[in-house]
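Asks: this is a predicted model, with the sequence first.
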Amino acid sequence: MYKMSEKPLITATQIAERLDTLAQEIKAFHPEIILSVLTGSYIFTADLSRRLSSPDLQIKFIKASSYGCSTKSSGKLEVSGLEGIDICGKRVLVIDDILDTGCTMESLAKILNGMGASLIKTCVLLNKESRRTVDFHADFVGFEIENEFVVGYGLDYANNYRTFPDIWTLRDENGK
Ligand code: 5GP
Ligand code: MG
């Protein structure tokens, strides 16, 4: 069994404040299309995109399932939803919830690079730098966190906890 931390790791207020500044950083890049990686980033994407509010900013949702790291190709990442999305010549902002090992974003960036975007920048709500196994860095990061399992604000454990407004740490009963 798992239990939640007594207090949120990051409160809804802290998230809202950071999103205000993050949106300013992103605006300077003038993205034309957002590719949001479901499901964990759905709330983050909604809140951030409202702060970008540009009339010609498009938004599309994709799904990515990672089956571990692949050093040579993106063969271990299954991406769905890219069919029919035209990013050719566009400035693309990829939004994901967490950068953990980095495998998902690294593979996804390779795939998108092959689709002819003019520029691809990546944005994650949370970065666990200490967990990185590949050489990948996001262009925009909401918060740096330690190696902890987090839920809430769209992030799940077995599809639960997503609707909590704050971000919480989940530990097993022995505190691990
Ligand atoms: P990566 O390929 O970077 O290792 O995997 C990143 C993905 O793993 C994230 O998009 C997220 O779906 C999942 N993930 C990694 N750490 C956590 C965490 O602490 N909590 C939750 N809910 N998902 C996580
Ligand atoms: Mg994910």
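Replies: Now that the structure is in, tell me what you want to look at. Residues are numbered from 1 along each chain as shown. Ligands and ions are numbered 1, 2, ... in the order given.
Asks: and residue 163, what helix or strand is that in?
Replies: Under the criterion DSSP states H and E, no helix or strand holds residue 163.
Asks: tell me where the longest helix sits in the protein.
Replies: Counting by DSSP state H, the longest helix found in the chain is helix 12-27.
Asks: flag every buried residue along that helix.
Replies: Neighbour counts over helix 12-27 (16 or more other C-beta atoms under 10 Å) mark 15, 19, 22, 23, 26 as buried. Every C-beta, even on glycine, is put in place using the N, C-alpha and C of the backbone.
Asks: dump those to a markdown table, plus distance to residue 170 and pLDDT.
Replies: Formatted as a markdown table, these follow (distance: C-beta to C-beta, whole Å; pLDDT from 0 to 100):
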| residue | distance to residue 170 | pLDDT |
| --- | --- | --- |
| 15 | 18 | 99 |
| 19 | 23 | 98 |
| 22 | 24 | 98 |
| 23 | 28 | 98 |
| 26 | 29 | 98 |
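Asks: tell me the one among those residues nearest to ligand 1.
Replies: Nearest to ligand 1, judged by C-beta to the nearest ligand atom, of the buried residues of helix 12-27 is residue 15 at 15.1 Å.
Asks: pLDDT score for the residue nearest to the closest one when sequence neighbours are not counted?
Replies: What sits nearest to residue 15 in space, not counting adjacent residues and going by C-beta to C-beta, 6 or more residues apart in numbering, is residue 153, at 6.3 Å. What the model reports for residue 153 is a pLDDT of 98.
Asks: kindly report the same for residue 71.
Replies: Residue 71 is given a pLDDT of 48.
Asks: what's the answer for residue 77, then?
Replies: 88.
Asks: partner residues bridging it?
Replies: Judged by DSSP bridges, the bridge partners of residue 77 are residue 66.
Asks: give me the number of residues near it?
Replies: Residue 77 has 21 neighbouring residues, counting by other C-beta atoms under 10 Å.
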